[in-house]
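[1] Below is the sequence, then the predicted model.
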Amino acid sequence: MSTILSVEHLTTSFGTTSGYVPAIDDVSFHIDKGETLGIVGESGCGKSVTSLSIMKLLTANGKIQSGSIQFEDRDLVKLSEADMRKVRGNDIAMIFQEPMTSLNPVHKIGKQITESLRIHKGMRGPAARARAIELLNLVGIPRAAEIVDEYPHRLSGGMRQRVMIAIAMACDPKLLIADEPTTALDVTIQAQILDLMRKLKAERQMAMMLITHDLGVVAEMCDRVVVMYAGKVVEQGNVRDIFRNPTHPYTIGLLNSIPKLDERKTRLDSIPGAVPSIENMPAGCRFAARCEHATQRCADADPGLRDVSGDYQARCVLV
Amino acid sequence: MISYIIRRLGGSVIVLFGIALITFILAYAVPSDPARMILGQHATLQQVDALRKQMGLDEPFIQQFGNYLMNIIHGNLGFSFLQNLPVATLIGQRLPATFQLALVAWLMELIIGLPIGVFMALKDRKMTDHVFNLVSLIGISLPTFFVGLELMYWVAYRANLFPVGGTGGLSFVILPGLTYGITGAAYYSRLLKSSMVDVLNSDYIRTARAKGAAPLRVIMGHAFRNAIIPVITYGATDIGALFGGIVVIEDVFGYSGIGQMAVQAINNLDTPIIMGTVLFAAVFVVAFNFIVDLLYGLIDPRITY
Ligand SMILES: Nc1ncnc2c1ncn2[C@@H]1O[C@H](COP(=O)(O)OP(=O)(O)OP(=O)(O)O)[C@@H](O)[C@H]1O
Ligand code: SF4
Ligand SMILES: [Mg+2]
């Protein structure tokens, strides 16, 4: 299968009082055509920074310091802002975690959906409106012909996220980046939105990068998974391999914190401790402070990504 | 909606009543004798006393205030002590000139202030921002009479582009309007800038950029309408106050507006005119705030009444 996106040695830093500090460090992964790649990790480990780097939508204090982001035949890192705008919303679309605030409160739904059609395809007027209604139907919004003239505040969070998906689908993107698209929604709505995304992905042979901190979502949705910890990729591979036989102690910790139907656990085994802040990264293995297998060797030097098998790597001395 | 309008109108009446009360108390407390002022130094004590009685000045405070309110309700703002004309008539005479200047001054503020505000928001945290901050601070702090005199000297006197002063058509309004624009614009640019910076950091702006929207589209199409809301509130109060006359500038340019009349009345202790012009200005401030509250619904669909 051919690769659509290939991120190589990507380092993105933010300006702080102590200079530029990397939030993601030497991150590499790839996404094949039509594939769903999951990116998991706890809060603050660099998932959003990775996705915003790909879109080149970092805030003014952030910058890509090194590495490349190969999308089809282009390196997005080298692309000018004007050329990058032709990619955003057209070839690569993105949906965000916060459906309640991600839509412009003063624009009608229809206008927000047709905006990328106007920008990239020059479509406007009745044709654009018809397409907006079609997209609303596609994402399962009832009374689409009326909703198209509504303002966002009239819709629930789940409905707004469907609108966000409709916006993302407008130009038939080749890659959809979804940054925790269901985290802010309640469980039943979560399941509906994930179903919708899976259906759309299958129908359109679109590749998807699904960011989540929920390994349950990964198991359900993804082909391969990248586990991130403190700005680094710590494990990546086939979802089935990693779920059956996780290697990195961090991944094992994450897996143990998923509630299982056949176990009547009252408490989840969440990993004790917290992700180190980007200004205070330890020199060796970044997980050492929280790892029960940690030895002096781990603290001395970063173990580097090691091959577990074919397309499966982990960053741990135990490999 | 209807009940909102009624509630809002009720509130406005209460505010105006409060202003009438305060101006009346202040006028009452001023140690001057209107009857003596009207009759002059040569009138006898008996004459003065007779006039005091006739004017109701010997009645208790409450009764005097009641009479004042009744008169206001009937559109009677009292008589000028010195010009012996109804205050309402005097204000009416100066109304067209005042409105003309107010509108031009307000537009000048917007034309200067809003683009600078947008520009400052875009350059946030950069060098130019500091420069603009400084310039706008100077704009806010510059005394209007100073700006007015400079413009008068350079633009009217030296370059001879506009009349130096006086009242007439549009050409007489430009310089005083510009003076107000220069000194007042900084409020608008600062207000718009800070609200714009907030809006530009919001999630829906990121969504717009993720669609591939160019900066101009992001700013004008997405950010401006959200950011302008607090500016509109200020703008309404501003133009309301302007319709009540621009005190210093009218004086500097010898412009016969309500502001100039108010200054002259203060110098002459012509209390009815002072009270009349204050109340007149208050009516406009209250009215424009009322109108703008109704307009919010058009700008922000989340607002329902
Ligand atoms: N604009 C920014 N300025 C400075 N530091 C930032 C900025 N954005 C992110 N960071 C830092 O980069 C690190 C990674 O943040 P990121 O938002 O990618 O985490 P995440 O994995 O998406 O977490 P979450 O699950 O909470 O969304 C964090 O330590 C954060 O403090
Ligand atoms: S390298 Fe050492 S500290 Fe890091 S995860 Fe592996 S065993 Fe734990
Ligand atoms: Mg995030």
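    Yep, it's here. Ligands and ions are numbered 1, 2, ... in the order given.

[2] Please read off the pLDDT at residue 286 from the model.
    Since no chain was named, I'll use chain A. The model reports A:R286 with a pLDDT of 95.

[3] think we crossed wires, I meant chain B
    What the model reports as pLDDT for B:V286 is 94.

[4] That one contacts B:G240, correct?
    Yes - shown here, B:V286 and B:G240 form a contact pair, counting by CB atoms under 8 Å, at 7.2 Å. Yep, even glycine has a C-beta here, placed from its N, CA and C like the rest.

[5] for chain A, which spans come out with low pLDDT?
    Using pLDDT under 70 as the threshold, the predicted model of chain A has low-confidence ranges A:1, A:259-269.

[6] what packs against the longest helix anywhere in it?
    Secondary structure of chain A per DSSP state H: the longest helix is helix A:187-204. Helix A:187-204 sits against helix A:157-169, strand A:175-179, strand A:207-212, helix A:215-221, with contacts defined as 3 or more CB pairs under 8 Å, 6 or more residues apart in numbering or on different chains; DSSP states H and E.

[7] how about 10 Å then?
    strand A:36-40, helix A:125-138, helix A:157-169, strand A:175-179, strand A:207-212, helix A:215-221 (3 or more CB pairs under 10 Å, 6 or more residues apart in numbering or on different chains; DSSP states H and E).

[8] what sits against the residue in the stretch 201-319 of chain A that chain B sits nearest to?
    When scored by CB to the nearest CB, the stretch 201-319 of chain A has A:M209 as its residue closest to chain B, at 13.5 Å. Contacts of A:M209 were listed using CB atoms under 10 Å, 6 or more residues apart in numbering or on different chains, and they are A:5, A:7, A:29, A:31, A:35-39, A:47, A:50-51, A:54, A:92, A:94, A:175-179, A:222, A:226.

[9] cool, A:S2 as well?
    Neighbouring residues of A:S2 by CB under 10 Å, 6+ apart: A:32-34, A:72.

[10] Quick check: closest non-adjacent residue to the residue of the stretch 201-319 of chain A closest to chain B.
    Using CB to CB, 6 or more residues apart in numbering or on different chains and skipping residues adjacent in sequence, the residue nearest A:M209 is A:I177, 4.7 Å away.

[11] can you pull out the strands in the stretch 1-150 of chain A?
    Assigned strands in the stretch 1-150 of chain A, in chain order: A:3-16, A:19-32, A:36-40, A:62-71, A:74-75, A:92-95 (criterion: DSSP state E, counting those that start in this stretch).

[12] now the ones you listed as JSON lines including distance to ligand 2 and mean neighbour count?
    Formatted as JSON lines, the entries for those read as follows, by distance: least, CB to the nearest ligand atom, whole Å; neighbours: other CB atoms under 10 Å in any protein chain shown:
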{"stretch": "strand A:3-16", "distance to ligand 2": "20", "mean neighbour count": "18"}
{"stretch": "strand A:19-32", "distance to ligand 2": "15", "mean neighbour count": "19"}
{"stretch": "strand A:36-40", "distance to ligand 2": "16", "mean neighbour count": "25"}
{"stretch": "strand A:62-71", "distance to ligand 2": "23", "mean neighbour count": "17"}
{"stretch": "strand A:74-75", "distance to ligand 2": "32", "mean neighbour count": "14"}
{"stretch": "strand A:92-95", "distance to ligand 2": "31", "mean neighbour count": "26"}
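
[13] Turn the helices and strands packed on helix A:187-204 into CSV, columns for distance to ligand 1.
    Listed next are the helices and strands packed on helix A:187-204 as CSV, based on distance: least, CB to the nearest ligand atom, whole Å:
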stretch, distance to ligand 1
strand A:36-40, 8
helix A:125-138, 27
helix A:157-169, 16
strand A:175-179, 7
strand A:207-212, 7
helix A:215-221, 13
